[in-house]
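J.: here are the coordinates; sequence isn't available:
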């Protein structure tokens, strides 16, 4: 008898949950070709749902060709479609990024790929969305410029000039659905045959994105000023990816001298480029945000990348590129046939949010919230770990910090003991390519998604785990 867990509290209807479960079993080979399925009445009784639920699920599977039926005999798995279980290929091992592993068993999670949903201005966003529907209904139904809605690109250009020191035309801005899409697009624009240099340690998903696109990657070491210019010059790379305003995960801020050194590297040969990712530049607590590397670019060698994932919400999937004029011309020539990947509704709502000052006010409020959490985390760690040798990187920016432990436990043991206590923490070694054993045990702690009460309790549990 088929047994599935159907959740009556889910937004997905019960019949659709059942339909998906049976279809999965058919395609995986768990239900063999020609196998007879339970009658509607028996399956309904077993799953404790109505016969209508089962009938609807069976009807959908029948309509899509996953099942066949015979009068007075019932429903059978389509023989031609089913995959025998023995023939199913083994699943390849996939490296799961540290920040995306299941965390159900942990009460507290210091993950870095999250923001506080409570900071999102739901009421303001809803009001502006209604206004856009009322005032811009006709534009919403029209095809959007492949580079994005002009209204949004104008607001992004104004914001970049006022807060990042970058003076660009809206015509140089390309709006796209998140950083992953934008990086794929940059690789297509610059060419897959190039060699791309990446910061090491760095954001591991980038390595996967570049490798999946067929590009050669060179992970290069960092020093206290950021990516080492001598290592870049000695490599065969013609493009380098950087996070100069706030490196992830080390938190390094690249000084002006190193920035100029890298710009000179880009200018020393034709067709070299720097990809500047300014992913969380808004969250600097002790001073104004550091000016972007793109502000210093006078020869069109910097491709500037940013998103609204950290500043607003990852689920919006809105990011943008600032392309040098030569690359924008290349984009217009090769890719202008594609439609914009961000819905018009979201673009015009965000444009209104920025135009009316809502975005700046939201950033100001969010910065205060995250600064308070950073201070609370530092205070809690210093208090609870006072009896254990440790050091905290007291970063003045971003949404995470580094905790260096010197209590004799290796990094892996610290992580495992914390998980047993109900707290998920992340080792710095996982951000290296390939992963390395660090000279000292270092943990990467994101605090954006935790309240101050949760931070205090998590720090107490870490003390108990590491004593």
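T.: Done, it's in. Treat the numbers as computed from the prediction; the structure is a model and nothing was measured.
J.: in the protein, which helix or strand is least confident?
T.: helix 137-140 (a mean of 84; mean pLDDT, DSSP states H and E).
J.: in the very next helix or strand once past it, what counts as buried?
T.: The C-terminal neighbour of helix 137-140 among helices and strands, as given by DSSP states H and E, is helix 150-159. Residues of helix 150-159 classed as buried: 151-157, 159 (neighbour count, 16 or more other Cβ atoms under 10 Å). Bear in mind the C-beta positions are built from the backbone N, C-alpha and C, glycine included.
J.: contact partners of helix 150-159?
T.: 147, 168-171, 173, 175, 320, 347-348, 350-351, 354-355, 359 (Cβ atoms under 8 Å, 6 or more residues apart in numbering).
J.: and with 7 Å instead?
T.: 147, 168-170, 173, 175, 320, 347-348, 350-351, 354-355 (Cβ atoms under 7 Å, 6 or more residues apart in numbering).
J.: Ok, stretch 245-261 next?
T.: For stretch 245-261, the surrounding residues in contact (Cβ under 7 Å, 6+ apart) are 199, 201-203, 222, 224-226, 229, 244, 278, 280-281, 289-290, 292-293, 296, 393, 395, 397-398, 400, 402, 428, 431, 444.
J.: Which secondary structure elements does the one helix or strand residue 381 maps to sit against?
T.: Using DSSP H and E, residue 381 maps to helix 358-384. Counting contacts by 3 or more Cβ pairs under 7 Å, 6 or more residues apart in numbering; DSSP states H and E, helix 358-384 packs against strand 400-405, helix 452-466.
J.: Same list (those) but as a markdown table, adding distance to residue 308, mean neighbour count and mean pLDDT.
T.: Below are these laid out as a markdown table (distance: least, Cβ to Cβ, whole Å; neighbours: other Cβ atoms under 10 Å; pLDDT from 0 to 100):
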| stretch | distance to residue 308 | mean neighbour count | mean pLDDT |
| --- | --- | --- | --- |
| strand 400-405 | 19 | 20 | 96 |
| helix 452-466 | 25 | 19 | 97 |
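J.: what would these look like in TSV with distance to residue 119?
T.: Formatted as TSV, the helices and strands packed on helix 358-384 follow (distance: least, Cβ to Cβ, whole Å):
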stretch	distance to residue 119
strand 400-405	16
helix 452-466	14
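J.: Which stretch among these approaches residue 440 most closely?
T.: Judged by Cβ to Cβ, the one of those that comes nearest to residue 440 is strand 400-405, at 5.6 Å.
J.: Going along the chain from that closest one, find the next helix or strand for me.
T.: Next along the chain after strand 400-405, with elements defined by DSSP H and E, is helix 411-420.
J.: Pull out the buried positions in that following helix.
T.: 411, 414-415, 417-418.
J.: thinking again about what came up before, out of the contacts of stretch 245-261, name the ones that lie in strands.
T.: Those of the contacts of stretch 245-261 mapping onto strands are 199, 222, 226, 400, 402, 444, per DSSP state E.
J.: packing partners for whichever strand or helix holds residue 16?
T.: Assessed by DSSP H and E, residue 16 sits inside helix 14-28. Applying 3+ Cβ pairs under 7 Å, 6+ apart, one finds that helix 14-28 contacts helix 51-63.
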